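Novice: A predicted structure for the sequence below; I have some questions about it.
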Amino acid sequence: MTMFSRRQALAASVLLPAAAAFLPRKAVAEASAPAMLGAASASFNRFKLGGFEVTTLLAGSSAAEAPQGVFGLNATPEEFAALSTENFIPTDRVQFFFNPTVVNTGAELVLFDTGLSAEGTLAALTAAGYTADMVTTVVLTHMHGDHIGGLMGADGVTPTFTNARYVTGAVEHNHWSGAGDAGFDAAVRPLNDKMSFLDDGGSPMSGITAMAAFGHTPGHMVYQVESEGQRLMITADTANHYVWSLQKPDWEVVFDSDKAGAAAARRAVFGQIAADRIPFIGYHMPFPGLGYVEAQDDGFRYVPVAYQMMLCRRVQ
Ligand SMILES: [Zn+2]
């Protein structure tokens, strides 16, 4: 047994918390080392829009390499690098976000797009305080896998949103009905009996209006949400990157089925949003996917929402 002088014992009690002084050295190290938890983000963001509540869900996120294989196909590597550097983002990697939106109108709970899988979307939906059976209407902006992927559960045949009706664009649905697409045939076709179809200017319910933004897919649509004079646009995949697609609307995107049509839709939709100075939610924008745009040079400057949407809410 080691003998301490009274002075040494006093020094030890000052340097170490009382409990730790009696633990083995290894246990002290484990108890005091904070664990590394990895990068993280909240999975939902909610704000008021007039009498509505709007919640964006982070249903998933993934990184990819070689982003110029996706964006700026018709730009030179030098142009791509210069714009990226100017905006403080890397040229060799990109982070994708998947942001379905929930709108509570007070009468209906409307889900815009369903994520890559039911699992990811339900995790965020639950965190936001909702359950799948509360969803009364599912709106599909278009039929790509990252938007229809949550329609069916893990078994691929059981609908996730058991009490919902479905709304989508007529042109979009017609296209994929004849396309022989396995994803559409498995996830959307079985729901046809519960589905209704919109054209440009159509309205799935009071306060929500569809707008044609064809190009990303043949019948891709965006939605205006309006309550008590406050407006918001859900722009889906009109622009899929806040720098490369907004600052350079004519930069071609590999996922756009009609490159020129998609560029024209970007100019039309974001030109209107810029002119009206209203916020928008972009499905693939950095979470929570909420921002404004201002016309700048040959495109648009993205301004992420800061606290503008929280001004009516007191946070304890
Ligand atoms: Zn998408």
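Specialist: Ah, there it is.

Novice: contacts, neighbours, all on C-alpha from now
Specialist: Will do.

Novice: quick check: the spatially most central residue of the chain vs F300, distance?
Specialist: Central residue of the chain (CA atoms, centre = their mean): N99, 1.7 Å from the mean position. According to CA to CA, to the nearest Å, N99 and F300 sit 21 Å apart.

Novice: where do the helices sit along the stretch 201-316 of the chain?
Specialist: All helices of the stretch 201-316 of the chain, identified by DSSP state H, counting those that start in this stretch, fall at 259-276.

Novice: that older thread, what sits against the residue nearest to the centre of the chain?
Specialist: Shown in contact with N99 (CA atoms under 8 Å, 6 or more residues apart in numbering): 56-60, 115, 282-285, 287-289.

Novice: hmm, 6 Å instead?
Specialist: Contacts for N99 (CA atoms under 6 Å, 6 or more residues apart in numbering) come out as L57, L58, A59, Y283.

Novice: go on, F112?
Specialist: P100, T101, V138, V139.

Novice: repeat that for A210.
Specialist: D200, G201, G202, S203, V222, Y223.

Novice: next, format the residues you listed as CSV and append pLDDT, distance to A170 and neighbour count.
Specialist: Shown next, in CSV, are those (pLDDT from 0 to 100; distance: CA to CA, whole Å; neighbours: other CA atoms under 10 Å):
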residue, pLDDT, distance to A170, neighbour count
D200, 98, 9, 17
G201, 98, 12, 13
G202, 98, 10, 15
S203, 97, 13, 17
V222, 98, 13, 25
Y223, 98, 14, 26
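
Novice: including distance to D146, could those residues go into CSV?
Specialist: Shown next, in CSV, are these (distance: CA to CA, whole Å):
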residue, distance to D146
D200, 23
G201, 25
G202, 24
S203, 24
V222, 16
Y223, 18
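
Novice: for the residues you listed, which one is nearest A75?
Specialist: Taking CA to CA as the measure, A75 sits nearest to V222 out of the contacts of A210, at 26.7 Å.

Novice: what pairs with the closest one across the strands?
Specialist: Under DSSP bridges, the beta-bridge partners of V222 are M211.

Novice: dump the residue contacts of G291.
Specialist: G291 neighbours (CA under 6 Å, 6+ apart): P279, F280, V303, P304, V305.

Novice: if I look at L83, what pLDDT would I see?
Specialist: pLDDT recorded at L83 is 98.

Novice: what about it, distance to G282?
Specialist: L83 is 20 Å from G282, by CA to CA.

Novice: mind checking which of these two has more residues around it?
Specialist: When neighbours are counted by other CA atoms under 10 Å, L83 and G282 differ, and G282 comes out ahead with 29 against 16.

Novice: got a list of what the more buried one touches?
Specialist: T235, A236, G289.

Novice: try it again with 10 Å
Specialist: 56, 97-101, 222, 233-242, 288-291 (CA atoms under 10 Å, 6 or more residues apart in numbering).

Novice: check T101 too.
Specialist: 44-46, 54-59, 110-115, 125, 139, 234, 236, 281-283, 288-289.

Novice: could you give the average pLDDT over stretch 45-63?
Specialist: 97.

Novice: show the end-to-end separation of that stretch, please.
Specialist: Stretch 45-63: ends 21 Å apart by CA to CA.

Novice: then stretch 285-299?
Specialist: By CA to CA, one end of stretch 285-299 lies 16 Å from the other end.

Novice: ok, A59 touching T121?
Specialist: Yes: shown here, A59 and T121 form a contact pair, counting by CA atoms under 10 Å, at 4.5 Å.
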